[in-house]
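> Quick one, what's the 3D model for this:
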Amino acid sequence: MLEERVASSPSTRVICVGNEKGGSGKSTVAIHIAIALLRMGQSVATIDLDGRQRSFTHYVDNRIAWARQRGRDLPAPTHVCLDDEPEFSGAQDEAAGIAAFNRTLATLAADYSYVVIDSPGHQHYLAQAAHAAADILVTPLNDSFVDLDVIASVDPETFAIAGSNHYAQVVEEARAEREAAGKPPTDWVVLRNRLGATNSRNRRVIDQAL
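Sure, this is the predicted structure:
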């Protein structure tokens, strides 16, 4: 049940940056969200669920190290990286991983106004837990139908939306789970990342499809 999986303070906003396609810029978007909130005077904690790549973690560590070396006062979030589980984990390992995530989220939610989560670029049980915990889900997409395909299938002739694909269904399941638990559905924000300067036909068609 969601109550068992999500234990965050009602006053804390949980923002998950998610997409099951790698290379969409999730970690970059996550760090920009976190730093923007800090500069607005909010208290922010961050969680990196991609224990293999650790892109979010490296970004935060490098920011802190650079500021220390240069004597600069740069805001940085309180950061946690959850180590990845064994490659072939069983149900007990997954349950332990979700329990660790819940404890981490609850601890951070007690002290911070926002918790920003960077999720892995593939299907992962911790990503599913983070989606269910998210008040706001941010999904960055490159300006490409390859990226759009994770959300919806597009008619190749008319470019009309023909149906929802796997990741959109994952999001809907997470929103339905929250609704069943009496929580508001996740506010899903899809943004186009790395836009080119040229107003190409491809860019216009993708804009219409979104």
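
> Stretch 146-161: which residues count as buried?
Residues of stretch 146-161 classed as buried under the neighbour-count rule (16 or more other C-beta atoms under 10 Å) are 147-148, 150-152, 154. (C-beta placed from N, C-alpha, C; glycine too.)

> could I get that stretch in PDB with only the CA atoms?
Listed next in PDB are the C-alpha coordinates belonging to stretch 146-161 (Å, rounded to 0.1, in the frame of the first residue of the first chain):
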ATOM      1  CA  VAL A 146      12.600   8.500 -30.300                       C
ATOM      2  CA  ASP A 147      12.200  10.100 -26.900                       C
ATOM      3  CA  LEU A 148       8.500  10.800 -27.400                       C
ATOM      4  CA  ASP A 149       8.000   7.100 -28.000                       C
ATOM      5  CA  VAL A 150       8.400   6.200 -24.400                       C
ATOM      6  CA  ILE A 151       5.300   8.200 -23.600                       C
ATOM      7  CA  ALA A 152       3.100   7.800 -26.700                       C
ATOM      8  CA  SER A 153       3.000   6.100 -30.100                       C
ATOM      9  CA  VAL A 154       2.600   8.500 -33.000                       C
ATOM     10  CA  ASP A 155       1.000   7.800 -36.400                       C
ATOM     11  CA  PRO A 156       3.900   8.100 -39.000                       C
ATOM     12  CA  GLU A 157       1.600   9.700 -41.600                       C
ATOM     13  CA  THR A 158      -0.400  12.200 -39.600                       C
ATOM     14  CA  PHE A 159       1.800  12.500 -36.500                       C
ATOM     15  CA  ALA A 160      -1.300  12.100 -34.400                       C
ATOM     16  CA  ILE A 161      -1.100  10.400 -31.000                       C
END
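
> what residues does it touch?
Contact with stretch 146-161 is made by 19-21, 24, 139, 141, 145, 162-168, 190, 205-206, 208-210, as judged by C-beta atoms under 8 Å, 6 or more residues apart in numbering.

> This structure: strands as residue ranges?
13-17, 44-48, 78-81, 114-118, 136-142, 152-154, 161-164, 187-193 (DSSP state E).

> For the fifth one, output the C-alpha coordinates as CSV.
Extracted as CSV, the C-alpha positions of strand 136-142 are listed here (Å, rounded to 0.1, in the frame of the first residue of the first chain):
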residue,chain,number,x,y,z
ILE,A,136,5.5,16.5,-9.0
LEU,A,137,7.0,14.4,-11.7
VAL,A,138,9.2,16.1,-14.3
THR,A,139,10.0,14.2,-17.5
PRO,A,140,12.6,15.7,-19.8
LEU,A,141,12.6,14.7,-23.4
ASN,A,142,15.0,15.4,-26.2
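
> and that strand, which strands flank it?
Its sheet considered, strand 136-142 pairs with strand 13-17 (parallel), strand 187-193 (parallel) by DSSP bridges.

> export those strands to JSON lines and tack on distance to residue 60, mean pLDDT and mean neighbour count?
As requested, the strands paired with strand 136-142 are exported to JSON lines (distance: least, C-beta to C-beta, whole Å; pLDDT from 0 to 100; neighbours: other C-beta atoms under 10 Å):
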{"stretch": "strand 13-17", "distance to residue 60": "14", "mean pLDDT": "96", "mean neighbour count": "24"}
{"stretch": "strand 187-193", "distance to residue 60": "20", "mean pLDDT": "90", "mean neighbour count": "15"}
